[in-house]
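>>> 3D model of this:
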Amino acid sequence: MSESAVIQRLLTQCEEYIAVLRAMRKVDLAGYERDKALQWQVERGLQLAAQACIDIGDELLFRMGEAEPETAPGIFLSLRSLGFLDPDLADSLAACVRFRNILVRARADLDAAEVFRHWSHDLACYERFCTRARDWLLGRGAPGSPTVP
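Sure, this is the predicted structure:
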């Protein structure tokens with residue numbers, strides 16, 4: 001599978017995760033707090049979407065000939081330093097990934113309101129990142145951003 005095809009597949013997966021998470025947004029915080037099954041679904045969906053973004057970012061850095069950062073949040077900070085991501089989006093994605101690390105640990109004391117807040121906020125970050133990555137793959141990068149090798 002070509003490097004472009006790998007990124008395309010990851011983008012498609014991430015966009016599917018986003019669509020499913022959006023479709024589930026039919027409850028308010030109180031309804032979310034009462035529904036354990038929904039909480040588990042949302043937590044897993046957020047984890048998968050964040051992981052897809054990590055994998056996409058890692059592949060992009062590889063395509064740009066850059067070294068892999070030591071941490072997952074570092075992927076987005078590296079993409080920022082290359083001019084690929086604007087600072088706000090890079091910082092937001094790094095925060096999303098830090099929260100993913102909390103989800104991965106599946107802590108019993110996970111705050112439902114915090115998960116709900118991420119559910120409300122993170123999807124837009126993931127969408128912006130997917131759009132940016134897809135534009136780059138299609139050669140429509142922003143002026144001054146890294147070029148497709």
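
>>> quick one: low-confidence parts of the chain?
For the chain, residues meeting the criterion pLDDT under 70 lie at 1, 3, 140-149.

>>> so residue 102 sits against residue 111, correct?
No: counting by Cβ atoms under 8 Å, residue 102 sits too far from residue 111 to count as a contact (9.5 Å). (Each C-beta comes from the backbone N, C-alpha and C, glycine too.)

>>> more neighbours, these two?
Between residue 102 and residue 111, counted using other Cβ atoms under 10 Å, the more crowded position is residue 102 (16 against 11).

>>> residue contacts, that one?
residue 110 (Cβ atoms under 8 Å, 6 or more residues apart in numbering).

>>> so which strand or helix has it?
Using DSSP states H and E, residue 102 maps to helix 87-104.

>>> chain center to that helix, what's the gap?
8 Å (Cα atoms, centre = their mean, to the nearest Å).

>>> also stretch 42-59?
Using Cα atoms, centre = their mean, the offset of stretch 42-59 from its chain centre is 5 Å.

>>> pull out the buried residues from that stretch.
42-43, 45-59 (16 or more other Cβ atoms under 10 Å).

>>> what does it contact?
3, 6-7, 10-11, 13-14, 17-18, 20-21, 24, 32, 68, 72, 75-76, 79, 93, 96-97, 99-100, 103-104, 106, 110, 115-116, 118-119, 122-123, 126, 129-130, 133.

>>> now, of these, which are buried?
Judged by 16+ other Cβ under 10 Å, buried ones among the contacts of stretch 42-59: 7, 10-11, 13-14, 17-18, 21, 32, 72, 75-76, 79, 93, 96-97, 99-100, 103, 115-116, 118-119, 122-123, 126, 129-130, 133.

>>> filter these down to just the ones in strands.
Among the buried ones among the contacts of stretch 42-59, the subset assigned to strands under DSSP state E is empty.

>>> among those residues, which are located in helices?
7, 10-11, 13-14, 17-18, 21, 32, 72, 75-76, 79, 93, 96-97, 99-100, 103, 115-116, 118-119, 122-123, 126, 129-130, 133 (DSSP state H).

>>> measure residue 51 to residue 97 for me?
Residue 51 sits 9 Å away from residue 97, going by Cβ to Cβ, to the nearest Å.

>>> ok, residue 41 - how many residues close by?
Other residues close to residue 41 by other Cβ under 10 Å number 14.
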